[in-house]
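J.: Just to be clear, the model below is a prediction. Sequence and coordinates:
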Amino acid sequence: MEKFDFEKSLAELEKTVLNLEKGDMSFEDSISAFEKGIKLSKECTNYLENAKQKIISLSDAENEEEK
């Protein structure tokens with residue numbers, strides 16, 4: 001499985017949003033782009049949530065070592 005690239009996915013999400021905002025796509029293309037945007041958004045959100053949990057765990061471990 002390919003490693004998730006947050007920056008690449010976020011850039012693709014931004015591009016997808018900009019394309020949707022232009023409003024010059026067909027209805028079918030707009031639906032496809034919207035679905036792609038939702039998928040990218042969920043992937044980015046999951047990545048950030050996992051990073052947050054990792055930071056919390058590391059911080060908690062650091063605090064335990066200081067006691």
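T.: Good, I have the coordinates.
J.: can you tell me which residues contact Cys44?
T.: Contact partners of Cys44, counting by C-beta atoms under 8 Å, 6 or more residues apart in numbering, are Phe6, Ser9, Leu10, Leu13. C-beta coordinates here come from the backbone N, C-alpha and C atoms, glycine included.
J.: In the chain, spot the helix with the most residues.
T.: Secondary structure of the chain per DSSP state H: the longest helix is helix 27-66.
J.: picking up where we left off before, narrow the contacts of Cys44 to those in strands?
T.: When strands are assigned by DSSP state E, not one member of these lies inside them.
J.: Glu62: which of those residues is nearest?
T.: Closest approach to Glu62 among the contacts of Cys44 (C-beta to C-beta): Phe6, at 23.8 Å.
J.: in the longest helix of the chain, what counts as buried?
T.: Buried residues in helix 27-66, counted by 16 or more other C-beta atoms under 10 Å: Ala33, Gly37, Leu40, Glu43, Cys44.
J.: need those in CSV with distance to Glu2 and pLDDT, can you?
T.: Shown next, in CSV, are the buried residues of helix 27-66 (distance: C-beta to C-beta, whole Å; pLDDT from 0 to 100):
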residue, distance to Glu2, pLDDT
Ala33, 22, 98
Gly37, 20, 98
Leu40, 15, 98
Glu43, 12, 97
Cys44, 15, 97
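J.: Dump the residues you listed into TSV; add distance to Leu20 as well.
T.: What follows is the buried residues of helix 27-66, written out as TSV (distance: C-beta to C-beta, whole Å):
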residue	distance to Leu20
Ala33	5
Gly37	7
Leu40	12
Glu43	17
Cys44	16
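J.: separation between the residue lying closest to Leu13 once chain neighbours are set aside and Lys15?
T.: Spatially, and ignoring its direct neighbours in sequence, Leu13 is nearest to Leu40 (4.1 Å; C-beta to C-beta, 6 or more residues apart in numbering). As for Leu40, its distance to Lys15 is 10 Å (criterion: C-beta to C-beta, to the nearest Å).
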